[in-house]
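Q: Just need the structure, nothing else, for what follows:
(chains A and B)
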Amino acid sequence: MTADVDGLVPLIAAGDAEAFGRWLAGAERRLRESLRSFAAVVDTEAVMQEALLRTWQVAPRFAPDGRADGLLRLAIRIARNLAVSDLRRWDRRGLVDAKEIEGIAGDLPPDPSPGDDPALRAAIEECRRQLPRQPARALAARLEGGGTERDERLAERLGMRLNTFLQNITRARRFLTECLRRHGLDVAGERA
Amino acid sequence: MNGRESLVEAATSAWRPRSAAGELQPHPAWADLDSQGRVEAYEVTRVLRVIETALDPEGLSTTAKAVLARIGR
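A: Below is the predicted model:
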């Protein structure tokens, strides 16, 4: 993560949600990557969102230690604590193999290639224009929904059955991934 | 698309239900998957979020947008 993103921290601590959005754009991939070892036993999407909310809530009290990525390291610690807490809940109910709990801690994941890579943006816009209509509609609905509406509602709005909607999301993802690969960009194989 | 594939794709949504206390809960589709399916959902989600980020003018994925919606941006 760049010093510019660390430079957003004082704004975030002062309650600037726009700055938090810019920080999120740079932090999300590494946070998700830090939860990889929990993926089989914890819903990492729910953990991530909860951890990011709590990061926002505690940011006014955050004291940087002078090292890079301070707020991201805090977010990762919060996320891992939440994941372990979830894991223990499942474990008490006998739903998790104890072996799966071992070795879940890890270091700060490496900084991935930037999400705002201009080459990726240019290629994906071109690929999106080539998307068949129904997959394009389904993907657009997910994007416009912004994670606040369930798929059943998005599908209904498009006049699709839920399974058809999900099929179209799969088709859109595979089409874009393959199209990007033809542009020399491997978003599926790349470790975020 | 079989039932398992539908569950994996459904679990890639950034939408999550909330508990009575307001905490986010696992997606119902995620809860119905086995370990292998959950790892697959994680990997597919990772790819989708990269795509979403690249498509969004502000570089925000649906995960980021869902969080920002909750803090009232």
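Q: Determine the number of other residues adjacent to the closest residue in space to B:R18 that isn't next to it in sequence.
A: Nearest residue to B:R18, sequence neighbours excluded (Cβ to Cβ, 6 or more residues apart in numbering or on different chains): B:L24, at 5.9 Å. Any C-beta I mention is one placed from the backbone N, CA and C, and that applies to glycine too. The local packing of B:L24 (other Cβ atoms under 10 Å in any protein chain shown) involves 23 other residues.
Q: Please list all residues in contact with B:L24.
A: Counting by Cβ atoms under 8 Å, 6 or more residues apart in numbering or on different chains, B:L24 touches A:46, A:49-50, B:16-18.
Q: Which of those ranks first by neighbour count?
A: B:R16 (25 neighbours).
Q: Could you look up the SS state of it?
A: coil (DSSP: H, G, I helix; E, B strand; the rest coil).
Q: roughly how far apart are it and A:D151?
A: Remark: distance between B:R16 and A:D151 (Cβ to Cβ, to the nearest Å) = 12 Å.
Q: before we move on, back to that, output the contacts of B:L24 in JSON lines, with pLDDT and distance to A:L87 appended to each entry.
A: Output for the contacts of B:L24, formatted as JSON lines (pLDDT from 0 to 100; distance: Cβ to Cβ, whole Å):
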{"residue": "A:A46", "pLDDT": "97", "distance to A:L87": "13"}
{"residue": "A:Q49", "pLDDT": "97", "distance to A:L87": "17"}
{"residue": "A:E50", "pLDDT": "96", "distance to A:L87": "14"}
{"residue": "B:R16", "pLDDT": "97", "distance to A:L87": "17"}
{"residue": "B:P17", "pLDDT": "96", "distance to A:L87": "19"}
{"residue": "B:R18", "pLDDT": "92", "distance to A:L87": "20"}
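Q: wait, does the helix or strand hosting B:E52 contact chain A?
A: Assigned by DSSP states H and E, B:E52 falls within helix B:35-55. Yes - judged by Cβ under 8 Å from any Cβ of the partner chain, helix B:35-55 and chain A are in contact via B:35-36, B:38-39, B:41-55.
Q: Give the buried subset of the residues you listed as a ChimeraX selection command.
A: The ChimeraX command for the buried members of those (criterion: 16 or more other Cβ atoms under 10 Å in any protein chain shown) is given here:
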select /B:38,39,41,42,44,45,46,47,48,49,50,51,52,53,54,55
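Q: A:G7 - how many residues pack around it?
A: Counted with other Cβ under 10 Å, A:G7 comes out at 11.
Q: Let me fix that, I meant to ask about A:N81.
A: Other residues close to A:N81 by other Cβ under 10 Å number 13.
Q: Next one: it relative to chain B, how far apart?
A: 14 Å (Cβ to the nearest Cβ, to the nearest Å).
Q: need the next SSE after the helix holding B:E52, C-terminal direction.
A: Next element after helix B:35-55 (DSSP H and E): helix B:62-70.
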